[in-house]
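Chemist: Quick one: sequence plus predicted model below, questions after.
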Amino acid sequence: MNRFAAWEAHNLAKFAQEAATRLTEQDELIKSLEADLKAAIRAYRHLVIEGAKNESLPISTEQRF
């Protein structure tokens with residue numbers, strides 16, 4: 001475990017800046033993944049609705065899963 005009280009101010013500032021940068025990058029990645037997930041869910045819902053409307057699709061149960 002780090003003992004931040006023993007760190008010099010410039011080292012703490014550098015660490016804090018690097019941590020803030022990493023958090024920003026991670027936040028951007030999370031937002032991108034959330035958008036991808038939402039798009040995938042919308043596409044899945046569309047396929048399910050279209051499949052329910054047209055039950056004569058030539059897809060067997062084995063092919064769906």
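Modeler: Received it, and whenever you're ready, just let me know what you need. Residues are numbered from 1 along each chain as shown.

Chemist: In this protein, where is pLDDT below threshold?
Modeler: By pLDDT under 70, the low-scoring segments of the chain are 1, 56-65.

Chemist: which stretches of it form helices?
Modeler: Read by DSSP state H, the chain holds these helices, from start to end of the chain: 9-53, 61-64.

Chemist: Trp7: neighbouring residues, count only.
Modeler: Taking other C-beta atoms under 10 Å as the criterion, the count of residues near Trp7 is 13. (Each C-beta comes from the backbone N, C-alpha and C, glycine too.)

Chemist: I should have written Arg42 there, sorry.
Modeler: Arg42 has 10 nearby residues by other C-beta under 10 Å.

Chemist: Please tell me how far it sits from Val48.
Modeler: Per C-beta to C-beta, to the nearest Å, Arg42 is found 11 Å from Val48.

Chemist: What of Phe4?
Modeler: Counting by C-beta to C-beta, the gap from Phe4 to Val48 is 52 Å.
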